[in-house]
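J.: model this:
(chains A and B)
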There are 2 protein chains.
Amino acid sequence: MKTSETLIATLREAPAEAVIASHSLMLRAGLIRKLGNGLFSYLPLGLRAFRKVERIIREEMDGIGALEIKPTVVVPGELWRESGRWDTMGESMLRIKNRVGQELVVSPTAEEVAAALIRGELATYKQLPITIYQINTKYRDEIRPRYGVMRGREFVMKDAYSFHTDDPSLDEMYQKMGRAYRNIFRRVGLSIIPVRADSGAMGGSGSEEFMVESEVGDNTLILCPACGYAANDEKAACAPDDLPGAATEKSLEKIDTPAVRTIPELTAFLKTTPRVFIKTLVYRAENCGSKLGDEKPAVQGTGAVGKTRFFAVCIRGDLDVNEAKLAAALAAGEVSLASDAEVERVTGAPVGFAGPVGLKSVPVLADSSVMALHDAVTGALEKDRHYLHVEPGRDFTPAQVCDLRLVKAGDKCPHCGAGFYTKKGNELGHIFKLGRKYTDALRVTYLDETGKAQTPTMGCYGIGLDRTLASIIEEHHDGAGIVWPMAVAPYHAVIVPIKYEGAMRDAADRLCDELETAGVEVLLDDRPERPGVKFNDMDLIGIPIRLVVSDKNLPSIELKMRGQGEVTLVAMENTAAKVAALVSQRGVSSGHD
Amino acid sequence: MKTSETLIATLREAPAEAVIASHSLMLRAGLIRKLGNGLFSYLPLGLRAFRKVERIIREEMDGIGALEIKPTVVVPGELWRESGRWDTMGESMLRIKNRVGQELVVSPTAEEVAAALIRGELATYKQLPITIYQINTKYRDEIRPRYGVMRGREFVMKDAYSFHTDDPSLDEMYQKMGRAYRNIFRRVGLSIIPVRADSGAMGGSGSEEFMVESEVGDNTLILCPACGYAANDEKAACAPDDLPGAATEKSLEKIDTPAVRTIPELTAFLKTTPRVFIKTLVYRAENCGSKLGDEKPAVQGTGAVGKTRFFAVCIRGDLDVNEAKLAAALAAGEVSLASDAEVERVTGAPVGFAGPVGLKSVPVLADSSVMALHDAVTGALEKDRHYLHVEPGRDFTPAQVCDLRLVKAGDKCPHCGAGFYTKKGNELGHIFKLGRKYTDALRVTYLDETGKAQTPTMGCYGIGLDRTLASIIEEHHDGAGIVWPMAVAPYHAVIVPIKYEGAMRDAADRLCDELETAGVEVLLDDRPERPGVKFNDMDLIGIPIRLVVSDKNLPSIELKMRGQGEVTLVAMENTAAKVAALVSQRGVSSGHD
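T.: This next block holds a predicted model:
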């Protein structure tokens, strides 16, 4: 393909709103153009790269037996009413009432559509397991779309849904998907960080997020440099700290601590470290599914399950509570710190004097760090009074002990003990064990071996294509532009004649034919531009192999790999074979792990 | 692929709403399912056929240098305000106001998006011509969606748009598109009827529709059995009738025709045939661009250009006026018969006595058939009076003579004289010379050789994928089900073991491997069903080659082509080669005309 026959639309500068590399480079290299707020058109070069990502995903899905389907993008609102998400999806879901009054939705995700489709086809357990997927347009009405296609309003996702009679069958597909996702990201050239993640509002009992590092990432990742442990900070665990100290013989002692309310004040007052304190925070929990709290008389007034309840949460003085972990421990929709007035009502003392010893009004949850303390200090539930010589287990027993700690850089890996570091990350893919949430709501059933109606369990598995493409550019670029991995490059090679005329033109044309015959996707830059302009454009676009045809070197061709300084001269007659070999070496294969 | 590993979803009966073969068979063969009103999901088998149609279209577009792009499906309403179509598209365009008050449209077509995209990239004449295309989701809010995917609300279209400096360049791409469209329809196995068509509301000066015959078609096609002439009846021409008669010497004679108002009454009264009458109809024309009528004093009162004007239209008594031709002749947005009161005002006589002789109040348009008449009869512009011995040209001269005749079955082909027949047809594709309607409205410009800003001219070229797929089934089915052309069949071949066990299982598995190795797309029916059930399902689904593995015939395999009665026995070791040869013979190639 000659450049004059396609649309080369490079720009010297990107608009100021393009603050991340991929957004700026996709505009500058002429891969995309903005069509509206959060809406982008792919131009020919961008679409070629996009289609390669799409093809790799399709091959991997087909490879594990997932069946491609194609529902519509606009779907009946009725399905969302059935699942209950018509009310919970919020305003990011684009809803339309059409000319005859039917409610329609521009699909933001497809659990409902998948469950409804399977509902219509599923009769017997013999049809299970089954996994379907689509690669289709989605729309979410982001209030602040930004970062180009990384967070646009309309985007393309691959989403797969699997249906199973039981958990082992679901787990098997979940594992296969995990492997397929690793293949996909490897093949497109992405360094992925797979993390076990909180499955959030989606519910379910197992999930894994596939993250890439990003300066503008939505997630904080906790990473071990030694063993490769990786987790979203919402779920990360760490090894217990190895603190000195043994159980004290001394009994509990209540002391006066006038005007001492904060840990720094207390540390100064007692001339010790925060590590000996038991910090006690009062939390509100909304829509709480935990059984704790029902039995406590003082809490009854605050409401039953599904309403607000209060809890005291203890953690070592130098640590912070991870609210995502706390919400998970309480099976709560949301947790937040209680107000000062609520703290006073719950603890009977002003803020600053809460402690677990003798606290009866609310259930006490303790982080594991607390139970490892000896001879500790904590609030005495009275103004200006603290306890010394506190022995957890002796002086108080929490209703529940669990991991509530916010893990940070420097904390120790639970597997190997190395110190963690952290990164910001963006989620490209996510695999979930959904369970029966949607199959229950949409009444999907099958007949089991005994002829009894059963509800299948379900998994869901998504990858954002646009975001994957942008992330490849985030990982593979330099000061001059994009440095495409071979497998997703719009073209494998570009021929740049110094001038497209005379012997150089003849050689360039011939080389182009030979490369095409050898199966190489090649661009011939036939523009009447200065060589420097052509080199810069092709570096910006990021074609992996550059072949310069010059009078000086003919009948040899100058071969340079994008992103490498070295230039080699190759005899014209060997060039096509050499380039074809480079292309096949560099991962255009569909080889699996 | 084993049937147990895909989704075979055949139905014994289709819902009553499926009144045409393709709708019924797509449901019964398990290719599609209804998701909502006018909304369908493609199941795995249906999607395989769909993707083959898509691939063929893409190959043909790429082959003529069209560049694939991918705009979003949801686009800013702003673009439609720019073109003026926000107001004219009517309620079939799905409009949404999003959470931050932006107007959005779920694309029904993409002239605006294409013109806006090119507007941003186009600087100089050197970039022209350029042709872009997309294969993308469209939505039109049909009030009565029906016939399955033949007239659904959401559908996929290929639409291409070309931009040119001048008409010869546009014509060149228009011709290439015409050839590409013929290739596409030939390759998918469709007998297409290409017709020159009225370009209707799209404007422009050249267009061709690609029709298929359909009992539920929206169009009437006029067809010549001898030379292949084909036209939409809105534009069809015919040869003049060879009527006897010579100019009369007699001068005009006004006669009494009491209570004779209709042609049958007049025919009876004068004992002659309708063929000697000059029928005269008064028409209203809205938004009329013709220059006629301005000069006529009596018409001035009815409004200037762009408003309602009146015309008298003359045609031979046995013929009818084609209002589409009349509208085109007058460059009018709409034409309709005038009311009785208007006729009286215009002709000065009650309805039934209009005629061209002496008519001064409005311009007279005559169909060519009128000018061939001699010694004719017509109304005398007085109650109960007619003229005899009328000689067109002698007794009156029309303001304009043109082809206004509604062509019917039996009329003669203008090229070869054979008698026409007619068919009902559906439009699958359409190529248009759009001109500068959208490039003007969206202010698309380029600099010409002299540095002057110019507006490019534009062509647009659409094909509906879903409708094409359904039409293939309309043309290729029998009482047992679909009979896929090889190039678009979901699978080329199916292996049906009488029972999937023992030697038959071994042979079926081995044959499946061999066929896959030979590049044949093969399905292995491993379901524990009776042979008859499997045969019926595979006939319904329409796989072109059936290979039956039976104890009786092993080591030979029974080969049968779908739609043919003949069964042949092929030695197992030759089967894969034989099937591969059948597949490649039957048009999986991408060979061009």
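J.: where does the residue lying farthest from the centre of chain A land on pLDDT?
T.: The C-alpha centroid of chain A is most remote from A:G502, which lies 53.4 Å away (Cα atoms, centre = their mean). Here, the pLDDT recorded for A:G502 equals 95.
J.: cool, and A:L11?
T.: Taking A:L11 on its own, its pLDDT is 95.
J.: for it, which three-state class applies?
T.: coil (DSSP: H, G, I helix; E, B strand; the rest coil).
J.: dump the residue contacts of the closest residue to it other than its chain neighbours.
T.: Leaving aside its sequence neighbours, A:L11 sits nearest to A:R28 (Cβ to Cβ, 6 or more residues apart in numbering or on different chains; 4.8 Å). Backbone N, C-alpha and C define where each C-beta goes, glycine included. By Cβ atoms under 8 Å, 6 or more residues apart in numbering or on different chains, the residues touching A:R28 are A:10-14, A:481, A:540.
J.: and if we set it to 10 Å?
T.: A:9-15, A:18, A:481-482, A:537, A:540-541 (Cβ atoms under 10 Å, 6 or more residues apart in numbering or on different chains).
J.: for the residue farthest from the centre of chain A, what are phi and psi?
T.: The phi/psi pair for A:G502 (degrees, to the nearest 10) reads phi 60, psi -140.
J.: got it, and the one 4 residues further on?
T.: Comment: the main-chain dihedrals of A:D506 come out as phi -60, psi -50, following degrees, to the nearest 10.
J.: which residues touch it?
T.: A:497, A:549, A:554.
J.: can you report how many residues lie near the closest residue to chain B within the stretch 101-250 of chain A?
T.: Ranking the residues of the stretch 101-250 of chain A by distance to chain B (Cβ to the nearest Cβ) places A:E154 first, at 4.3 Å. Residues lying near A:E154 (other Cβ atoms under 10 Å in any protein chain shown) number 27.
J.: dump the residue contacts of it.
T.: A:35-36, A:38-40, A:73, A:94, A:106, A:137-142, A:145, A:466, B:71-75, B:104.
J.: out of these, which are inside helices?
T.: Among the contacts of A:E154, the ones falling in helices (DSSP state H) are A:D466.
J.: strands along the stretch 1-150 of chain A, start to end?
T.: A:32-36, A:39-42, A:67-68, A:74-76, A:94-97, A:103-106, A:130-139 (DSSP state E, counting those that start in this stretch).
J.: quick check: buried residues in the lengthiest strand in chain A?
T.: Counting residues, the longest strand found in chain A (DSSP state E) is strand A:421-435. The neighbour-count check on strand A:421-435 (16 or more other Cβ atoms under 10 Å in any protein chain shown) flags A:422-423, A:425-435 as buried.
J.: do the same with stretch A:229-245
T.: Those would be A:229-238, for stretch A:229-245 by 16+ other Cβ under 10 Å.
J.: redo these as CSV? Include distance to B:A329.
T.: Below are the buried residues of stretch A:229-245 laid out as CSV (distance: Cβ to Cβ, whole Å):
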residue, distance to B:A329
A:Y229, 80
A:A230, 75
A:A231, 76
A:N232, 71
A:D233, 75
A:E234, 73
A:K235, 75
A:A236, 78
A:A237, 82
A:C238, 85
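J.: farthest pair in those?
T.: A:Y229 and A:E234 (15.0 Å; Cβ to Cβ).
J.: rewinding a little: so can I have TSV of the strands of the stretch 1-150 of chain A showing distance to A:V260 and mean neighbour count?
T.: Below are the strands of the stretch 1-150 of chain A laid out as TSV (distance: least, Cβ to Cβ, whole Å; neighbours: other Cβ atoms under 10 Å in any protein chain shown):
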stretch	distance to A:V260	mean neighbour count
strand A:32-36	58	22
strand A:39-42	57	24
strand A:67-68	66	20
strand A:74-76	61	23
strand A:94-97	55	18
strand A:103-106	57	23
strand A:130-139	55	23
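J.: could the ones you listed go into TSV alongside mean pLDDT and distance to chain B?
T.: As requested, the strands of the stretch 1-150 of chain A are exported to TSV (pLDDT from 0 to 100; distance: least, Cβ to the nearest Cβ, whole Å):
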stretch	mean pLDDT	distance to chain B
strand A:32-36	96	4
strand A:39-42	98	4
strand A:67-68	98	4
strand A:74-76	96	4
strand A:94-97	92	5
strand A:103-106	95	6
strand A:130-139	97	5
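J.: what's the local residue count around A:G228?
T.: Neighbour count for A:G228, taken as other Cβ under 10 Å: 12.
J.: scratch that, A:Q585
T.: So A:Q585, with other Cβ under 10 Å, has 10 neighbours.
J.: confidence score at the residue of the stretch 101-250 of chain A closest to chain B?
T.: 97.
J.: how about it: what's its closest non-neighbour residue?
T.: Closest to A:E154 by Cβ to Cβ, 6+ apart is B:T72, at 4.3 Å.
J.: ditto for A:P145
T.: Counting by Cβ to Cβ, 6+ apart, the residue nearest A:P145 is A:G38, at 2.7 Å.
J.: need the next SSE after the least confident helix or strand in chain A by mean pLDDT, C-terminal direction.
T.: Lowest on mean pLDDT, DSSP states H and E among the helices and strands of chain A sits helix A:297-300, with a mean of 36. Remark: after helix A:297-300, the chain's next helix or strand is strand A:309-316, criterion DSSP states H and E.
J.: average pLDDT for the helix or strand just after that next one?
T.: Later in the chain than strand A:309-316, the nearest helix or strand by DSSP H and E is helix A:323-329. Helix A:323-329 shows a mean pLDDT of 89.
J.: give me every residue that touches the residue lying closest to A:Y500 once chain neighbours are set aside.
T.: Leaving aside its chain neighbours, A:Y500 sits nearest to A:D526 (4.6 Å; criterion: Cβ to Cβ, 6+ apart). Counting by Cβ under 10 Å, 6+ apart, A:D526 touches A:2-5, A:495-497, A:500-501, A:505, A:508-509, A:512, A:534.
J.: let's have those in TSV, adding neighbour count, secondary structure and distance to B:L404.
T.: Shown next, in TSV, are the contacts of A:D526 (neighbours: other Cβ atoms under 10 Å in any protein chain shown; DSSP: H, G, I helix; E, B strand; the rest coil; distance: Cβ to Cβ, whole Å):
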residue	neighbour count	secondary structure	distance to B:L404
A:K2	16	strand	50
A:T3	21	helix	52
A:S4	14	helix	48
A:E5	13	helix	46
A:I495	30	strand	59
A:V496	27	strand	61
A:P497	28	strand	60
A:Y500	22	coil	56
A:E501	12	coil	58
A:R505	15	helix	57
A:A508	25	helix	59
A:D509	17	helix	56
A:C512	23	helix	56
A:K534	23	helix	59
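J.: just to revisit the earlier point, for the residue nearest to A:E154, what are its contacts?
T.: So B:T72 contacts A:35-36, A:38-42, A:137, A:139, A:152-156, B:104, B:106-107, B:113, B:136-137 (Cβ under 10 Å, 6+ apart).
J.: how about A:K250?
T.: A:K250 neighbours (Cβ under 10 Å, 6+ apart): A:375, A:388-389, A:391.
J.: quick check: domain ranges of chain A?
T.: A:3-236+A:423-473, A:253-402, A:491-585 (automatic domain parsing).
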